[in-house]
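[1] Pasting a predicted model and its sequence here:
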Amino acid sequence: MRRQPVTRRRTLTALLGSGALALAAGTALAQPASSDLVEKGRYLATAGDCVACHTAPGGKPYAGGLYINFPGGIGKLATPNITPDKETGIGSWSDDDFKKAMHQGITKNGSYLYPAFPFPWYTRLSDEDVAAIKAYLFSLEPVNAPRKPTDIAFPFSIREGLLAWRLAFFTEGRFKPDPKASDEVNRGAYLVEGPGHCGACHNGSKLVGASQWSGYLEGGTIDGWYAPNLSGDDKEGLGKWSEDQLTTYLKTGAAPGRAGVVAGPMRQVIEESLSKMTDADVRAIAVYLKTLAPKPTYTPDVKSDFKSASAAPGADTYLNRCVACHRPDGQGQPGAIPPLAGNGAVLAKGPETVIRVILGGLDAKGEYAAMPAVGVGMTDSEIANVTNYVRQTFGNQAPPTAEPGQVATLRKETQTMLAGNAPCETVSNPTLAEALKTADASGQLKDLKAEQMLPRVATLLPAVRQAAPQASSADLVNGLTATFCQVADHDKTGLDWPTTIGSFSGVVYGQLKSPSRAEK
């Protein structure tokens, strides 16, 4: 599935944050680069998810034009065109210019790059890998796409002012393997600290914008989501995850035996980057992360202010909105609905991700069903209360910090298909797309009323499965739901649209998991 994202993977926090390959460039080589070098560069660009920042909505890949907002009203910055167009792209940069941008954060004309471009991480890349990325970029089709205007308030608009930041926080230097660690651990560390620039989202302190400073991978807020703690902490982090579980999660967005599924910007990271990397490299990342020492970010003895769970603010909302799926004990439905008890997103220091999921829902992932956007019909106070409730009950002891004002802000920023305030998703898997076409899914689902869902899906689903036998349960649920969204009359289904599309997704999942259906 290719979703219309709420946010791109890389965003800015404080005066910086992250971005994929933002201003790297180089001139065309005198001789064409070898196919092996280009392929290596393609792989490294995939590992860095460069396309995420350098593709505007509806635009051509790597042609730039995506606006990244600075918080606090500072302004916004448009990502540049990094195709080898000599007029508007990167075609006039030399090898040395390219290396200087990657390793030092300095442009061809000598000005300083905003750390929206993650050169504090790319400085760790080897010269050989930098050359490979350049070769790949220069193998792309040139696209004439002028840079969109930048709108950054004074004095942040003065690039010379970045010198103070650089002197305080930036240190150039290549990755140095740990001689006491295995080759696999060192490979994982290189991918995390270099091309993957994971700390751009997962570091606790975004102000410094580099991986070697405080808060390394201990979790933090990024663009209204909470990037979780990746340390070995048992409560917030990965302490209780096995290497196999973590590898599977990084590759697919869900893992057997672990609560929760991927949400927010990390979904895009998995879809566009991690899922396309080799199994060996993804496992190396998991193995490296499992070597990190525990770094709890809040005290383990956080106490609830609730005198009793049943009388707590949010208890009634949980009973009315959540208990049917997540059960009174917060354990969910094994293999179908993830538990809230011990869920990493629920236990995070910040409540942002829980709020976002309530507001926007979640697509199906792995063997888990989709979650409807139940928060669309709830007040800000109800969402804040139920968020604090699930973070403070079922044995969870996360800080109850959600507030109605925070919910109101995140409501404006949360736009998803399931919430009914974003465009319908499209089916990017060509095999599934063809299967849906063969089964005439669009015709079968057009103008479908709520009372017609079950019989129509029961008839349609076997044909789709026959045409796409390798499609996963999640692909089938998400593909049919996206198709339904595209052809349904949103105003004439008999229910409000978020309820309608959530119900449809649930019907598809139920038919897939039905014993009688599974036999066919």
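    Yes, it's here.

[2] what residues does stretch 420-434 touch?
    1-4, 6, 363, 373, 376, 414-417, 436, 464, 467-468, 470-471, 475-476, 478-479, 481-483, 485-486, 490, 496-498, 501 (CB atoms under 8 Å, 6 or more residues apart in numbering). Where you see a C-beta, it was placed from the backbone N, CA and C, and this is true even at glycine.

[3] Leaving out chain neighbours, which residue sits closest to Gly125?
    Not quite, residue 125 is Leu, not Gly. Excluding its sequence neighbours, the residue lying closest to Leu125 (CB to CB, 6 or more residues apart in numbering) is Gly194, at 5.0 Å.

[4] could you point out where the stretch 401-520 of the chain is predicted with low confidence?
    Across the stretch 401-520 of the chain, residues meeting the criterion (pLDDT under 70) sit at 515-520.

[5] run the last query once more with 80
    492-495, 514-520 (pLDDT under 80).

[6] ranges for the helices of it?
    404-413, 430-438, 441-445, 453-467, 473-487, 497-513, 515-518 (DSSP state H, counting those that start in this stretch).

[7] can I get the CA coordinates of the fourth one in CSV?
    Taking C-alpha atoms only, helix 453-467 is exported to CSV below (Å, rounded to 0.1, in the frame of the first residue of the first chain):
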residue,chain,number,x,y,z
MET,A,453,-20.9,-4.9,3.0
LEU,A,454,-21.0,-8.4,4.3
PRO,A,455,-22.6,-10.3,1.4
ARG,A,456,-20.7,-8.2,-1.2
VAL,A,457,-17.3,-8.8,0.5
ALA,A,458,-18.1,-12.5,0.9
THR,A,459,-18.6,-12.8,-2.8
LEU,A,460,-15.7,-10.6,-3.9
LEU,A,461,-12.9,-11.8,-1.6
PRO,A,462,-12.5,-15.3,-3.0
ALA,A,463,-12.0,-13.9,-6.5
VAL,A,464,-9.4,-11.4,-5.4
ARG,A,465,-7.5,-14.1,-3.4
GLN,A,466,-7.6,-16.5,-6.4
ALA,A,467,-6.1,-13.8,-8.6
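
[8] so what secondary structure elements neighbour it?
    helix 430-438, helix 441-445, helix 473-487, helix 497-513, helix 515-518 (3 or more CB pairs under 8 Å, 6 or more residues apart in numbering; DSSP states H and E).

[9] so can I have a markdown table of the ones you listed showing distance to Val386?
    What follows is these, written out as a markdown table (distance: least, CB to CB, whole Å):
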| stretch | distance to Val386 |
| --- | --- |
| helix 430-438 | 35 |
| helix 441-445 | 32 |
| helix 473-487 | 25 |
| helix 497-513 | 17 |
| helix 515-518 | 33 |
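
[10] And the strands in the stretch 201-350 of the chain, which stretches?
    With DSSP state E, counting those that start in this stretch as the criterion, the stretch 201-350 of the chain has strands at 220-222, 225-227.

[11] hey, least reliable of these by pLDDT?
    Among the strands of the stretch 201-350 of the chain, strand 220-222 carries the lowest mean pLDDT, a mean of 80.

[12] nearest residue to Ala463 other than its sequence neighbours?
    Of all residues apart from its sequence neighbours, Ala439 sits closest to Ala463 (CB to CB, 6+ apart), at 3.9 Å.

[13] That neighbour: how many residues sit nearby?
    Neighbourhood size, Ala439 [other CB atoms under 10 Å]: 22.

[14] That one is in contact with Ala471, isn't it?
    No: if you go by CB atoms under 8 Å, Ala439 and Ala471 don't touch, sitting 11.7 Å apart.
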